[in-house]
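Visitor: Compute the structure for the input listed below.
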Amino acid sequence: MKAAAAWYERLHREGVSEETRGAFAAWLAQSVDRRIAYESVNKTWTQVHSAALDPQILALRHETALRLTRGAAAAIRPLRWAAAAVVLIVLCDTAATLGGWLPLRDSPHGRDTSRYATAIGERMAVTLNDGSQVTLDTQSELSVAFTSSQRAVRLLRGQVYFKVAKDRERPFVVEALNHRIVAVGTAFDVRMDGAQVRVSMVEGTVRVDAATITAGEQLIADTALPDRVSVSDPERFTSWLHGQIVFDNTRLADAVAELNRYSNTKIELADPKIAQLHLSGAFATGRPALFIEAVTSYFPVQIVHADDQLVVLGAKR
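Guide: Numbering: from 1, shown residues only. Model (predicted):
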């Protein structure tokens with residue numbers, strides 16, 4: 001598969017010689033496995049280019065370029081690729097327009113169910129009996145247990161956005177690992193990553209254990225370090241609600257791990273050097289082909305293996 005990917009790249013450069021085409025034909029004729037491998041690579045890249053030429057994607061790219069030239073991206077530091085790089089591309093996605101991941105599901109108001117869960121790439125919007133609205137991200141699970149004195153919710157895994165209906169008589173309590181998040185009427189995002197819990201505030205105020213955080217702040221709690229409160233961008237940490245992931249000077253390895261949460265087709269990095277590259281930009285959830293196209297276009301990175309379940313990226317030689 002690595003050889004097939006290399007041949008694909010050579011054949012799609014400008015000014016390919018007849019000698020090169022002849023060498024490829026000879027290589028391809030040596031075995032059926034080589035034909036299958038090359039067809040797999042060709043199919044992957046056909047899908048990539050087809051999506052990249054979508055009119056809405058092209059319009060978003062154009063809009064992004066205009067914003068950048070007008071100085072809207074001044075906060076993104078231009079660095080050499082060896083230290084960091086900026087991906088000047090926005091690849092957005094919604095269930096109604098581009099698809100590529102399972103659609104948003106709605107749970108009707110008053111539904112008598114105490115547990116909700118999502119699969120890979122799926123989102124679920126739920127209206128609880130008190131009128132509060134919660135949205136579950138990919139691979140998330142939530143249990144609900146309301147009483148006459150308290151509205152209790154337990155995050156079992158993943159990430160959930162809460163928009164809490166006001167009820168001063170019954171606080172809204174979210175339990176995540178051994179942490180308690182208490183709210184009355186507010187909006188916030190909670191994510192569990194292993195032993196870490198991240199609470200990002202969008203509106204209002206909540207109490208997380210002994211700390212209080214308000215709109216525009218984020219609290220990170222884990223077992224290894226004391227709780228940390230910092231200023232955050234609510235739009236960035238809730239961008240998944242709109243089918244996007246926003247990276248800001250993020251390591252490529254971390255970006256890949258985040259994208260992999262949303263798709264059955266996984267991305268792996270074969271070279272530790274490219275894992276340390278940094279990127280900034282907004283990318284569609286559940287559309288790894290678009291992310292791969294951007295990374296291989298703007299970085300010294302190439303595909304060394306590709307099939308329906310796995311795409312391996314390595315350093316360009």
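
Visitor: which residues in this structure form helices?
Guide: Using DSSP state H, the helices assigned to the chain run over residues 2-11, 18-28, 32-52, 55-69, 234-237, 252-260, 272-275, 288-298.

Visitor: pLDDT of stretch 220-239, averaged?
Guide: For stretch 220-239, mean pLDDT is 89.

Visitor: How about residues contacting that stretch?
Guide: 161, 179, 189, 194-202, 208-209, 211, 213, 215-219, 245-246, 248, 282 (Cβ atoms under 8 Å, 6 or more residues apart in numbering). Quick note: C-beta positions are derived from backbone N, CA and C, even for glycine.

Visitor: Kindly format the C-alpha coordinates of it as PDB.
Guide: Provided in PDB are the C-alpha atoms of stretch 220-239 (Å, rounded to 0.1, in the frame of the first residue of the first chain):
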ATOM      1  CA  ILE A 220     -10.000  21.600  34.400                       C
ATOM      2  CA  ALA A 221     -10.000  19.000  37.200                       C
ATOM      3  CA  ASP A 222      -8.000  15.800  37.400                       C
ATOM      4  CA  THR A 223      -6.300  13.600  39.900                       C
ATOM      5  CA  ALA A 224      -2.700  14.600  39.000                       C
ATOM      6  CA  LEU A 225      -2.900  18.400  39.500                       C
ATOM      7  CA  PRO A 226      -5.000  21.000  41.500                       C
ATOM      8  CA  ASP A 227      -8.100  22.300  39.700                       C
ATOM      9  CA  ARG A 228      -7.200  25.000  37.200                       C
ATOM     10  CA  VAL A 229      -9.400  27.900  36.100                       C
ATOM     11  CA  SER A 230      -8.600  29.900  33.000                       C
ATOM     12  CA  VAL A 231     -10.100  32.200  30.400                       C
ATOM     13  CA  SER A 232     -11.500  30.300  27.400                       C
ATOM     14  CA  ASP A 233     -13.300  30.800  24.200                       C
ATOM     15  CA  PRO A 234     -16.800  29.300  24.500                       C
ATOM     16  CA  GLU A 235     -17.300  29.200  20.700                       C
ATOM     17  CA  ARG A 236     -14.200  27.100  20.300                       C
ATOM     18  CA  PHE A 237     -15.100  24.500  22.900                       C
ATOM     19  CA  THR A 238     -18.700  24.200  21.800                       C
ATOM     20  CA  SER A 239     -18.000  24.200  18.000                       C
END
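
Visitor: Quick check: buried residues in that stretch?
Guide: Using 16 or more other Cβ atoms under 10 Å as the test for burial, stretch 220-239 gives 220, 221, 222, 227, 229, 232, 234, 237, 238, 239.

Visitor: could those go into JSON lines alongside distance to residue 316?
Guide: As requested, these are arranged in JSON lines below (distance: Cβ to Cβ, whole Å):
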{"residue": "220", "distance to residue 316": "35"}
{"residue": "221", "distance to residue 316": "40"}
{"residue": "222", "distance to residue 316": "37"}
{"residue": "227", "distance to residue 316": "42"}
{"residue": "229", "distance to residue 316": "41"}
{"residue": "232", "distance to residue 316": "35"}
{"residue": "234", "distance to residue 316": "37"}
{"residue": "237", "distance to residue 316": "32"}
{"residue": "238", "distance to residue 316": "35"}
{"residue": "239", "distance to residue 316": "29"}
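
Visitor: Could you list which of the residues you listed belong to strands?
Guide: Under the assignment DSSP state E, the buried residues of stretch 220-239 contribute 220, 221, 229 to strands.

Visitor: Nearest to residue 168 among those residues?
Guide: Proximity of those to residue 168 (Cβ to Cβ) peaks at residue 229, which lies at 24.9 Å.

Visitor: Quick one: neighbours of the nearest residue to the closest one once chain neighbours are set aside, just the number.
Guide: Sequence neighbours aside, residue 219 is the residue nearest to residue 229 in space, at 5.0 Å (criterion: Cβ to Cβ, 6 or more residues apart in numbering). Neighbour count for residue 219, taken as other Cβ atoms under 10 Å: 24.

Visitor: ok, residue 219 to residue 20 distance?
Guide: 57 Å (Cβ to Cβ, to the nearest Å).

Visitor: same thing with residue 298?
Guide: On the measure of Cβ to Cβ, residue 298 and residue 20 end up 26 Å apart.

Visitor: Who has more neighbours out of the two?
Guide: residue 298 (17 against 14).

Visitor: low-confidence ranges in the stretch 51-200 of the chain?
Guide: 51-113 (pLDDT under 70).

Visitor: which residues does residue 10 contact?
Guide: 16, 20, 24.

Visitor: Quick check, the second one in contact with residue 9.
Guide: No: with contact defined as Cβ atoms under 8 Å, residue 20 and residue 9 do not form a contacting pair (11.5 Å).

Visitor: Could you dump the helices of the chain into a markdown table with distance to residue 168 added?
Guide: Output for these, formatted as a markdown table (distance: least, Cβ to Cβ, whole Å):
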| stretch | distance to residue 168 |
| --- | --- |
| helix 2-11 | 61 |
| helix 18-28 | 72 |
| helix 32-52 | 49 |
| helix 55-69 | 43 |
| helix 234-237 | 24 |
| helix 252-260 | 37 |
| helix 272-275 | 49 |
| helix 288-298 | 45 |
